[in-house]
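Participant: Prediction below, plus the sequence it came from.
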Number of protein chains: 2
Amino acid sequence: MRFQIFISLLRKSKFLTFEKGSNLIKIGAREPHLFFIRKGLVRCFFVDEKGDEITFQLFPENRIVSNFHTIMFNKPSKFEYQTLERTKVYTIDFKTYQAFILKNPKLLEANREFLFKRNFEKVYNRIESFVLLAPEERYIKYCKDYPGIVNRAPDRYIASVLGITPVSLSRIRKRIVSKK
Amino acid sequence: MRFQIFISLLRKSKFLTFEKGSNLIKIGAREPHLFFIRKGLVRCFFVDEKGDEITFQLFPENRIVSNFHTIMFNKPSKFEYQTLERTKVYTIDFKTYQAFILKNPKLLEANREFLFKRNFEKVYNRIESFVLLAPEERYIKYCKDYPGIVNRAPDRYIASVLGITPVSLSRIRKRIVSKK
DNA sequence: ATTCGTTCTTATCTTTTGTTAATCGCATTA
DNA sequence: TAATGCGATTAACAAAAGATAAGAACGAAT
């Protein structure tokens, strides 16, 4: 029956395909949808005072993308979510989703699991990486933790996620290779 | 009536005072309590492979401290929460708290506000600091964002939170002073 | 007041990073 | 095939950070 519930949730969602380079959510938009990435790669970035794009996060398959500024605070998005590959998603309006969850208390736990726990864990691990590790170790850990990203996204995006420059990342990679 | 509800929640909680240097939560413990810091300062740290203590976070007044590993996953705490000053807290068992929230739907929103939104915001801002800012700017921002902490906690804890060494923090401070 | 221990600062040296610019590699296109 | 453009690499230099050790400042305890 869990399965049944899941099916009817799927019925309420749409299955969409975005071409490479399209936007799921634009900066300034109030986009209240959740996007579950079935296939593809999504880049989340913002623009700093100098006008440079800062890549904040990269999302591969099986992750949920949403704008927490909008969903939590009903504020316009600070980030832009852009596909780096042709990307297929299941998408559903957050209110529709939440109404559905409330009607099916059995899903409450699964909801918490997906939307909060996973996120918390990842976010805390990431901060721990910054607190504990030097850039080189951070890169190694990132490769381990997200093998499905490193060879699909441009290096400068990875560098940004790690909080370093592309030049530095290039040197780190060289160092790692020469150590072997 | 919001106020009434709040009062009865307070009734279910205990008001405790911890001396400086005591533990709210120990590493390995399954401590299911929430602690609202009324007065004082709490340091959250873990121990790395070398056996060194790494300060992960510092909590001043009006923040809620809890062990999310336990509350979310029922796992033993990875962190230790230790008072850096004589600290007064309101504390309540998470299950008691949650049961109360469920009985008072008017508190659902306030609950989300306190336990999730605030946390998310802080955590994202922190990651942004690491991604975007150099250590010196990160320190300046930390002083701005948490003026109630910087002059109360030992510098080496601050350094750890910022992901740098105490020596480096000392140099950063000197640099900032000499710029003025 | 003196001693002790802890923390912060300073010094020295090595390693790493940021910055800027030039070069290389590769794919797309004219 | 040649030209173009974009991203990664390399080079060169300055600035900053890590590591280690020594010294200064400070408070607590005797």
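Facilitator: That came in fine, so what should we check first?
Participant: how about the residue nearest the centre of chain A, what does it touch?
Facilitator: In chain A, the C-alpha nearest the mean C-alpha coordinate belongs to residue A:59, at 3.5 Å (CA atoms, centre = their mean). By CB atoms under 8 Å, 6 or more residues apart in numbering or on different chains, residue A:59 lies in contact with A:37, A:41, A:42, A:43, A:44, A:65. Just so you know, the C-beta spots here come from the backbone N, C-alpha and C atoms, and that holds for glycine as well.
Participant: Residue A:26 now?
Facilitator: Counted by CB under 8 Å, 6+ apart, residue A:26 has contacts A:77, A:80.
Participant: Who does the residue nearest to the centre of chain A form a beta bridge with?
Facilitator: As for beta bridges, residue A:59 partners with residue A:42 under DSSP bridges.
Participant: List of residues touching stretch A:107-119?
Facilitator: A:5, A:9, A:64, A:100, A:101, B:72, B:73, B:116.
Participant: was I right about the first one contacting residue A:105?
Facilitator: No. The criterion here is CB atoms under 8 Å, and residue A:5 misses it with residue A:105 at 10.4 Å.
Participant: sorry, back to before: can you check the pLDDT for the residue nearest to the centre of chain A?
Facilitator: Listed pLDDT for residue A:59 reads 97.
Participant: can you count the residues close to residue A:108?
Facilitator: 11 (other CB atoms under 10 Å in any protein chain shown).
Participant: Check the separation of the first and last residues in stretch A:101-111.
Facilitator: 7 Å (CA to CA, to the nearest Å).
Participant: Remind me what the helix or strand hosting residue A:5 packs against, helices and strands.
Facilitator: Using DSSP states H and E, residue A:5 sits in helix A:2-12. For helix A:2-12, the helices and strands in contact under the criterion 3 or more CB pairs under 8 Å, 6 or more residues apart in numbering or on different chains; DSSP states H and E are strand A:87-93, helix A:94-103, helix A:106-111.
Participant: what residues does it touch?
Facilitator: A:90, A:92, A:96, A:97, A:100, A:104, A:106, A:107.
Participant: could you check the angle strand A:87-93 makes with that helix?
Facilitator: Interaxial angle, helix A:2-12 versus strand A:87-93 (axes from the mean of the first three to the mean of the last three CA atoms, to 10 degrees): 90 degrees.
Participant: Next SSE downstream of helix A:2-12?
Facilitator: Downstream of helix A:2-12 (by DSSP H and E), the next one is strand A:14-18.
Participant: and the angle from that next one to strand A:87-93?
Facilitator: 140 degrees.
Participant: residues making contact with strand A:14-18?
Facilitator: By CB under 8 Å, 6+ apart, strand A:14-18 touches A:24, A:38, A:40, A:83, A:86, A:87, A:88, A:89, A:90, A:91, A:92.
Participant: In this structure the third one contacts residue A:90, no?
Facilitator: Spelled out, that is residue A:40. No. With contacts counted by CB under 8 Å, residue A:40 stays clear of residue A:90, the gap being 11.9 Å.
Participant: picking that back up, just send the contacts of helix A:2-12 back as CSV, with pLDDT, neighbour count and distance to DNA strand C too.
Facilitator: Formatted as CSV, the entries for the contacts of helix A:2-12 read as follows, by pLDDT from 0 to 100; neighbours: other CB atoms under 10 Å in any protein chain shown; distance: CB to the nearest atom of the strand, whole Å:
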residue, pLDDT, neighbour count, distance to DNA strand C
A:90, 96, 17, 29
A:92, 96, 21, 34
A:96, 94, 15, 39
A:97, 91, 22, 38
A:100, 89, 17, 42
A:104, 83, 17, 46
A:106, 78, 11, 47
A:107, 79, 19, 43
